[in-house]
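*Asks:* Just a sequence and a predicted model for now, questions to come.
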Amino acid sequence: MSTTLDARLGEQLRQFRSDGVYKTLNFLEGPQGARARMEGRGEVIILSSNNYLGLCNEPSVVAAGKAAFDRYGAGSASVRFICGTLTIHRELETALARLVGTPSSLSFMSCWNANEAFPGTLLTEDDLILSDQLNHASIIDGLRLAKAITRCQTGVYRHNDMKDLDEKLGQATDRKIKMVVTDGVFSMEGAIVNLPDLVTVCRKHGAVVVVDDSHSTGVLGATGRGTAEHFGMVGEVDIITTTLGKALSGGAGGFVAGSAEVTDYLIQRARPQLFTNALPAPVAAAGLAAIEFLEAHPERVRTLQANTRYFREGLTALGFQPLEGDTPIIPVIVCETAAAIRMSQLLLEEGVFVTGFGYPVVPQGTARVRCQISGAHTTADLDEALRAFAKVGKSLGLI
């Protein structure tokens, strides 16, 4: 049955196609890896995945998930406070707190849920929360919910601008609790937060520091413990949110890590915890195995970091100008959304799967092809990808 809504959406979808910004889903026929089989294309090099450590198909991680199916079954069948809490949840949360350097942690179905949960649960109408201008959409929506639910004061400070943050915190003299939330690594830029200065400013004003380490856990620091380890500040971040969906095996699941009081209060009052089934045991077990693999194999982090430098230098040598940075997120700016999507399509024809991003994911005029490097990539993988970038870049007049 045709409806007015369907008609409106159909017209907008036709416009997306006309503008060259329509997104097409590509179906993989097997597990994520440095290379994967794509339906209709065969084997392609993956430069578009958050599988930073290559653990999605690591045998010990997969085996742990399979064993959890046998021991716990397919799902938890309930929310945590009723009967959905399994012993594997406690083991996972203990390991995650150990990894990121906090006393406690609490799992959610996703880091999006975690970022929705903490501001609206922990803050009140007497409080203030400030967010970096380039924070992830989940943080932005978490602040919107907090403002709507608790009527707490919210605000945005300029990206990584500690002077602006200092001024805004200084003006909030009437707020009982002040909280500042930032990405550790900004997902579209690959930039790292200026954590030392941010913590200094927050301590000056008695503000709680919250860092979303989703693109940092398993990536930054000598042993992959995240943004705090990168700066030698493990234990100095009040609250950390992070995910299993990226470096830690790529499964579902997110976390809030902090004091025992923070996690216990979230257990009591966080709506995404109270009204959503617990993380499935196989996902939790695979995540735990990924943490244990990371702790036992810090050399995988060093390989990731070496691969990142190699590929960034290779792009620069070809004549591209990727955004500067030290993370495995390497954006190549092409300005227009249609150009980013076209470049990604041509690269896929060359056997390299990398995604073009444009508005509304990034601001108008800053569309990009975002490369993401893995510790599982070989030098041969990266060289082949660079040859494809050279061919496509020349055909589009970018180099």
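*Replies:* Arrived safely. Just so we're clear, the structure is a prediction, and the values are computed from it rather than from any experiment.
*Asks:* Which residues belonging to stretch 228-238 are considered buried?
*Replies:* 228-231, 233-234, 237-238 (16 or more other CB atoms under 10 Å). C-beta: built from backbone N, CA, C; applies to glycine.
*Asks:* scratch that, stretch 297-310 is what I was asking about
*Replies:* 297, 300-301, 303-305, 307-308, 310.
*Asks:* Domain-wise, how is the protein divided?
*Replies:* Per automatic domain parsing, the structural domains of the chain span 19-48+298-395, 59-296.
*Asks:* Would you mind finding the most buried of those?
*Replies:* The highest average neighbour count among the domains of the chain, using mean count of other CB atoms under 10 Å, belongs to domain 59-296 at a mean of 20.
*Asks:* where does the chain dip in pLDDT?
*Replies:* 1 (pLDDT under 70).
*Asks:* quick one, helices of the stretch 251-399 of the chain?
*Replies:* Under the criterion DSSP state H, counting those that start in this stretch, the stretch 251-399 of the chain contains helices at 260-269, 271-274, 281-296, 299-318, 337-349, 379-395.
*Asks:* Which strands or helices does the fourth one pack on?
*Replies:* Using 3 or more CB pairs under 8 Å, 6 or more residues apart in numbering; DSSP states H and E as the contact definition, the elements that helix 299-318 packs against are helix 281-296, strand 329-335, helix 379-395.
*Asks:* Format the CA atom coordinates belonging to the second one as CSV.
*Replies:* The reference is to strand 329-335. The C-alpha trace of strand 329-335 is given here as CSV (Å, rounded to 0.1, in the frame of the first residue of the first chain):
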residue,chain,number,x,y,z
ILE,A,329,42.3,6.4,11.0
ILE,A,330,43.7,8.1,7.9
PRO,A,331,41.2,10.4,6.1
VAL,A,332,41.9,11.6,2.6
ILE,A,333,39.9,14.7,2.0
VAL,A,334,38.2,15.1,-1.4
CYS,A,335,35.7,17.9,-0.4
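*Asks:* Tell me the gap between that strand and the middle of its chain.
*Replies:* Centroid displacement of strand 329-335 relative to its chain, using CA atoms, centre = their mean, to the nearest Å, is 17 Å.
*Asks:* Pull up the pairing partners for that strand, direction included.
*Replies:* Neighbouring strands of strand 329-335 in its sheet, by DSSP bridges, are strand 367-372 (antiparallel).
*Asks:* And for the partner strand, what's in contact with it?
*Replies:* For strand 367-372, contacts defined as CB atoms under 8 Å, 6 or more residues apart in numbering pick out 47-50, 52, 188, 311, 315, 322, 328-340, 343-344, 347, 354-359, 362.
*Asks:* same thing but 6 Å
*Replies:* Identification of contacts with strand 367-372 by CB atoms under 6 Å, 6 or more residues apart in numbering yields 47, 49, 328-337, 340, 343-344, 354, 356-358.
*Asks:* how about the nearest residue to Leu128 once chain neighbours are set aside, phi and psi?
*Replies:* Take Leu128 and drop its neighbours on the chain: the residue closest to it by CB to CB, 6 or more residues apart in numbering is Arg175, 4.1 Å away. Here is the backbone geometry of Arg175 (degrees, to the nearest 10): phi -90, psi 130.
*Asks:* close enough to count as contact, Arg175 and Ile129?
*Replies:* No: using CB atoms under 6 Å, Arg175 is not in contact with Ile129, being 9.4 Å away.
*Asks:* quick one: Gly226 from Val185, how far?
*Replies:* Separation of Gly226 from Val185 (CB to CB, to the nearest Å): 9 Å.
*Asks:* Mutual contacts of those two, please.
*Replies:* With CB under 6 Å, 6+ apart, Gly226 and Val185 have common neighbours Ser216.
*Asks:* Can you show me the strands along this structure?
*Replies:* Here the chain has its strands, by DSSP state E, at 35-38, 42-46, 104-108, 128-132, 153-157, 178-183, 208-212, 239-243, 254-258, 329-335, 352-353, 355-357, 367-372.
*Asks:* Show me the one of those that comes nearest Val199.
*Replies:* strand 208-212 (5.7 Å; CB to CB).
*Asks:* Just name whatever secondary elements the closest one is in contact with.
*Replies:* strand 178-183, strand 239-243 (3 or more CB pairs under 6 Å, 6 or more residues apart in numbering; DSSP states H and E).
*Asks:* Can you tell me the strand partners of that strand and which way each runs?
*Replies:* strand 178-183 (parallel), strand 239-243 (parallel).
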